[in-house]
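Q: Fold the stuff below for me.
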Amino acid sequence: MTDRDSVRRGVLEGFARLHRTHFARYSIISVDPPIFHVQPILDMVDEFLPSYQMLFSALRGRKAYCLFRHSWALTSRVFDWILELESRTRQQFPDVELIHLCNEPGQAELFRARGGRAILCNHNCFVNESIFRPLPSVTKRFDAVYNARLDKQKRHFLAREIASLALIYNPTKEGPEYIRETRREFSRAHFFNHSDSGEYRLLSLREINDCLNACRVGLCLSEEEGPMFASAEYLLSGLPIVTTPSRGGRDLFFEESFVLTVPPEPRAIEEAVRELIGRGVRPDIPRDAVLAKLRVHREAFVTLVQEIYDQHEIKKRFADEWPRLFPHQILAERGHLDTITKLSHARPESDPGREAGA
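A: Below you'll find the model as predicted:
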């Protein structure tokens, strides 16, 4: 590495640190009391507190809540890290309370046993069914689709026996060479993200829904991750699913009538795809079933926020605010300075007529 490259790298790293100090991915549920919906990235967990330092410091002396969404399987390692993070947050910012939104039954009890506050609220409930829906006018062109980052843990290789396969992916941490290798391995597959010239582009959510509707079956091939947003997107779009056994919570919304769980073997995946296609599952069956289950988890989220309102004697119904706060996945990149400005404009807690902001 040359001196110029070293300087350039140092400048870029400096900008990245500055960005992480001033920005984070979260949503504002309420400004009075301050309630935030957050989701840390698993491989950046040590940066959670530094990335919220500015915001939490501005809240000193004011009770605030972080509804902490878990994006990964709750292994013993992840659980220990979260407990350590909760302890450090309590020490540095005693006015900030973490409340855990758990993806699988039994997880909330683990946190409560350690003195934490937690509810069962699988993060797939934040997938928006008005975006992901069946489109009867779209022609089915591919037998199966896998919407997943091109990461090794997603195990794309398990789909190699499927002759009519489509892929959707976002940029990956594996690097460009891994993408090239995957495209070579799946030279027969259709990559929705790529034009005829091979140029890559991100797809909008509605474009992804269009792509899903051009396919017959959705694939879930990872062994361990979070609930996998794509699994709910498949079902809401009317696609049955072939999945491997997994940890993380995606199977919470599965039913045998439209999901086949098979061993992590390419031939078993291909045969299951053909079987589901042969069943001719109507799109309304998986969609209606998953919607009924997602609503239960949304109600748990609404109830939690209402409990906080009641605790602070907020004379409002959060259920009335929920539709306005419900974009797809409910999270966005936000600047702390803008958030702090919104918080400073909130009326004092003594005013019973104050309103939450988003």
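
Q: part of a strand, is residue 206?
A: No: Residue 206 is assigned helix when assessed by DSSP: H, G, I helix; E, B strand; the rest coil, not a strand.

Q: and it, how many neighbours does it have?
A: 12 (other CB atoms under 10 Å). The C-beta positions use only the backbone N, C-alpha and C, and glycine is treated the same way.

Q: so it makes contact with residue 130?
A: No: look at residue 206 against residue 130 with CB atoms under 8 Å: they stay out of range, at 10.0 Å.

Q: roughly how far apart are the closest residue to residue 316 other than its chain neighbours and residue 204?
A: Among residues not flanking residue 316 along the chain, residue 309 sits closest, at 6.1 Å (CB to CB, 6 or more residues apart in numbering). Distance from residue 309 to residue 204, counting by CB to CB, to the nearest Å: 34 Å.

Q: The two: which has the busier surroundings?
A: Ranked by neighbour count (other CB under 10 Å), residue 309 and residue 204 place residue 309 first, with 20 against 10.

Q: Name the residues of whichever strand in the chain runs longest that come out as buried.
A: For the chain, the longest strand by residue count, based on DSSP state E, is strand 23-31. Within strand 23-31, the residues scored as buried using 16 or more other CB atoms under 10 Å are 23-24, 26-31.

Q: what does stretch 265-282 give?
A: Within stretch 265-282, the residues that qualify as buried are 268-270, 272-273, 276-277, 281, counting by 16+ other CB under 10 Å.

Q: ok, and what's touching the longest strand of the chain?
A: Where contact means CB atoms under 8 Å, 6 or more residues apart in numbering, the residues beyond strand 23-31 that reach it are 34-39, 51-52, 55, 67, 305, 308-309, 325, 330-336, 339, 342-343, 345-346, 356-358.

Q: how would you label residue 219: helix, strand or coil?
A: strand.

Q: Next: residue 216.
A: Three-state assignment for residue 216 (three-state DSSP): strand.

Q: So for it, what pLDDT did the model give?
A: As predicted, residue 216 sits at a pLDDT of 98.

Q: show me the contacts for it.
A: Residue 216 is in contact with 140, 142-144, 239, 273, 276-277, counting by CB under 8 Å, 6+ apart.

Q: follow-up on the earlier one: sort out which of the contacts of strand 23-31 are in strands and list them.
A: Short answer: the contacts of strand 23-31 in strands (DSSP E) are 34-38, 67, 332-335.

Q: Correct me if wrong: residue 74 contacts residue 109.
A: No: using CB under 8 Å, residue 74 is not in contact with residue 109; the gap is 11.6 Å.

Q: Name the residue in the two with the higher neighbour count.
A: Between residue 74 and residue 109, counting by other CB under 10 Å, residue 74 is the more crowded of the two (21 against 12).

Q: helix or strand for that one, which one?
A: If you go by DSSP states H and E, residue 74 is not part of any helix or strand.

Q: Not counting its neighbours along the chain, what's nearest it?
A: Nearest non-adjacent residue to residue 74, counting by CB to CB, 6+ apart: residue 107, 5.4 Å away.

Q: quick one, phi/psi of the one you found?
A: Main-chain torsions, residue 107, degrees, to the nearest 10: phi -70, psi -40.

Q: since we're on it, how many residues are nearby?
A: Taking other CB under 10 Å as the neighbour definition, residue 107 ends up with a count of 21.

Q: go on, residue 145?
A: 31.

Q: SS state for it?
A: Using three-state DSSP, the structure places residue 145 in strand.

Q: ok, it to residue 326 distance?
A: The gap separating residue 145 from residue 326 is 25 Å, by CB to CB.

Q: Residue 212 now?
A: 20 Å.

Q: These two: which is more packed in?
A: For residue 212 versus residue 326, neighbours defined as other CB under 10 Å are more numerous around residue 212 (27 against 16).

Q: Point me to the helix or strand that includes the more buried one.
A: Here residue 212 is assigned to helix 205-213, by DSSP H and E.

Q: Report all helices and strands that that helix contacts.
A: The contact analysis (3 or more CB pairs under 8 Å, 6 or more residues apart in numbering; DSSP states H and E) places helix 205-213 against strand 142-147, strand 165-168, helix 229-236.
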